[in-house]
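A.B. asks: sequence first, predicted coordinates after that:
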Amino acid sequence: QYPQIFPGIVVSMVSAGEAGGVLGSILESVSGFLDWEHRIREKVKNSIAYPLVVLAMSALAVSFMVTFILPVFGRILTQMNAELPGITKFLLALSRVMSTYWPLVLGFLTCSVICLIQVEKRSEQVREAVDILILRIPIIGSLTKKVIISSFCKTLATLLSVGIPVMTALEIVEKTIGNVVVQKSVARCRKSIFDGRGMAGPLKETGVFSSVVIEMITVGEE
């Protein structure tokens, strides 16, 4: 009755433990899984913290230069009546807008980010587009794929190890994976198994799972 505290995977595992009379060992598995999930989350945070700080500082530095430094050069160049290239004229015009209307620009950017977040929450198409974009970003995309693969394998393995049927287990994984592209792939996996085929094919189509993972899943199914 409290999904904000107990996620679906915990509820399903406890139900399986009650049904099979092995609740003690199931709870140990739950504890181990949540501990693993926490450690992975902390490693990911530590991995992306430095790049995000560098990116934020770079953005602040560029914004400061455009807003306060470039206007000074602009006045000097104007007094010299120098013929300026198009890109220089654009940067100077941008700096004038930033220095004059920076509160409006800041407010516009803030509102845009908030609106994008709200649209992303409500629109599956936008969510999918954002998830695809994240997977294609250098370094961050590679890290995201590794986290998705690790989470998928660990969650599914934990659920299957406590006796939860594969169809139910995949349904739980689909809800907890956190990426629309992979969620749709997991949904296709369930349909593929229901039709008497395997899950390796739909996972391979995502381009997220490496060939080694696909081959091992294929061997496991066989």
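C.D. replies: Thanks, I have the structure now.
A.B. asks: roughly how far apart are residue 158 and residue 169?
C.D. replies: As defined by CB to CB, to the nearest Å, residue 158 lies at a distance of 9 Å from residue 169. In short, each C-beta sits where N, CA and C put it, glycine included.
A.B. asks: helix or strand next in line after the lengthiest helix in the chain, which one?
C.D. replies: If each helix of the chain is counted by residues according to DSSP state H, the longest one is helix 23-64. Sequence order places helix 70-80 as the next helix or strand after helix 23-64, per DSSP states H and E.
A.B. asks: what angle separates the helix or strand just after that next one from helix 23-64?
C.D. replies: As assigned by DSSP H and E, the chain's next helix or strand after helix 70-80 is helix 86-122. Interaxial angle of helix 86-122 relative to helix 23-64 (axes from the mean of the first three to the mean of the last three CA atoms, to 10 degrees): 160 degrees.
A.B. asks: quick check: pLDDT value at residue 123.
C.D. replies: pLDDT, the model's per-residue confidence, is 69 for residue 123.
A.B. asks: just the one 4 residues further on next, same as before
C.D. replies: For residue 127, the model assigns a pLDDT of 79.
A.B. asks: cool, and residue 35?
C.D. replies: At residue 35, pLDDT is 91.
A.B. asks: cool, residue 5 as well?
C.D. replies: pLDDT, the model's per-residue confidence, is 89 for residue 5.
A.B. asks: for this structure, which spans come out with low pLDDT?
C.D. replies: Within the chain, the set of residues satisfying pLDDT under 70 comprises 120, 123.
A.B. asks: same thing but at 90, please
C.D. replies: Counting by pLDDT under 90, the low-confidence segments of the chain come to 1-30, 32-34, 36-37, 40-56, 59-211, 213, 217-218, 220-222.
A.B. asks: for the longest helix of the chain, name the packing helices and strands.
C.D. replies: Contacting helix 23-64 under the criterion 3 or more CB pairs under 8 Å, 6 or more residues apart in numbering; DSSP states H and E are the following elements: helix 8-20, helix 140-161.
A.B. asks: I'd like these as TSV, with distance to residue 77 appended.
C.D. replies: TSV is the format used below for these (distance: least, CB to CB, whole Å):
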stretch	distance to residue 77
helix 8-20	62
helix 140-161	39
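A.B. asks: between those helices, which gets nearest to residue 118?
C.D. replies: helix 140-161 (22.3 Å; CB to CB).
A.B. asks: give the buried residues for whichever helix or strand comes after that closest one.
C.D. replies: Towards the C-terminus, the helix or strand next in line after helix 140-161, according to DSSP H and E, is helix 166-176. By neighbour count, with 16 or more other CB atoms under 10 Å as the criterion, the buried positions of helix 166-176 are 169, 170, 171, 172, 173, 174, 176.
A.B. asks: who's in contact with helix 166-176?
C.D. replies: The list of residues contacting helix 166-176 from outside it, by CB atoms under 8 Å, 6 or more residues apart in numbering, reads 7-9, 12, 151-152, 155-156, 159-160, 164, 183, 186-187, 189-190, 193-194, 199.
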